[in-house]
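K.L.:
pasting the structure only:
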Ligand SMILES: O=C(O)C(=O)C[C@]1(C(=O)O)C=C[C@@H](O)C=C1
């Protein structure tokens, strides 16, 4: 078998890379500068598989990932993994004095919003495409600026810890989606599967009173448990949405086609975005 080629939100030292290292058993790993570039690479066949963040426990969905999967590419979610997230404030080893600017990914900034507000109210905040990129910028800019990133980024960019565990809420986790265009077998480490899920996208007919209620009823009377429902704009005008629904069971050939037929009779559309195992993985602790 040829070596698996896996793309991820890079560059080095991102949380996504930590997730990749924790999940896969060997392979070639390629870091992309942003989420669209990573998913485009799968679409173009440069890589078989991509790993991208999809939801954080504090900040919610990563809209860029969700929207890109729905509007721009034709790929399926084939696995997900949840990893613990610990954010640290990293500086150049020569840093002393004030921090003028903090760089990080928008989700990481949001996870530390209260911390920044109380400890560094005057620091400018600049968003980067990933936390790993923020660490790289701090390493090249030198003293006076900081990055919010993980311990891997600190090690790999030679940065010092100004403060550790700065996320505002303890139970911080992010879910990462593993996606493919063409189904390819992957070699993953021996993690227990916590559950199987199926993600579907549902579009409602315009001005149909109680449509969402009927959609939910189609799952409910079949005793299909939903673990998430979220609406996102269809991007066709104000008031037009689609619903992303996570069902806590694998796709089957009785219940799901039944739901689909029932929803289509109402004028809704249902598309399966993936049926997949869900893993919960730990990442290595920082070297002190
Ligand atoms: O920037 C990174 O390190 C990422 O992997 C992205 C990302 C995200 O998009 O949520 C992943 C985990 C953390 O929640 C913060 C940032």
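P.N.:
Alright, I've got the coordinates. As the structure is a prediction and not an experimental result, all values here were calculated from the model.

K.L.:
what's the neighbour count on residue 110?
P.N.:
The tally of other residues near residue 110 (other CB atoms under 10 Å) stands at 16. From N, CA and C alone the C-beta is placed, and that goes for glycine too.

K.L.:
The one 10 residues further on too?
P.N.:
By the other CB under 10 Å criterion, the neighbourhood of residue 120 contains 19 residues.

K.L.:
Got phi/psi on it?
P.N.:
phi -130, psi 60 (degrees, to the nearest 10).

K.L.:
Three-state assignment for the closest residue to it other than its chain neighbours, please.
P.N.:
In space, not counting the residues next to it along the chain, residue 120 is nearest to residue 99; the distance is 5.8 Å by CB to CB, 6 or more residues apart in numbering. Judged by DSSP: H, G, I helix; E, B strand; the rest coil, the three-state class of residue 99 is coil.

K.L.:
next one: residue 93
P.N.:
Using three-state DSSP, the structure places residue 93 in coil.

K.L.:
Give me the neighbour count for it.
P.N.:
For residue 93, the number of neighbouring residues by other CB under 10 Å comes to 10.

K.L.:
didn't it look like it was pressed against residue 159?
P.N.:
Yes - the criterion here is CB atoms under 8 Å, and residue 93 meets it with residue 159 at 7.0 Å.

K.L.:
mind listing what the residue lying closest to residue 240 once chain neighbours are set aside touches?
P.N.:
Distances taken as CB to CB, 6+ apart place residue 234 nearest to residue 240, at 4.2 Å, with adjacent residues excluded. Neighbouring residues of residue 234 by CB atoms under 8 Å, 6 or more residues apart in numbering: 203, 240, 241, 242.

K.L.:
Look up the residues forming beta bridges with the third one.
P.N.:
Right, the one you point to is residue 241. Taking DSSP bridges as the rule, residue 241 bridges to residue 233.

K.L.:
which residues sit in contact with it?
P.N.:
For residue 241, the contact set (CB under 8 Å, 6+ apart) comprises 204, 231, 232, 233, 234.
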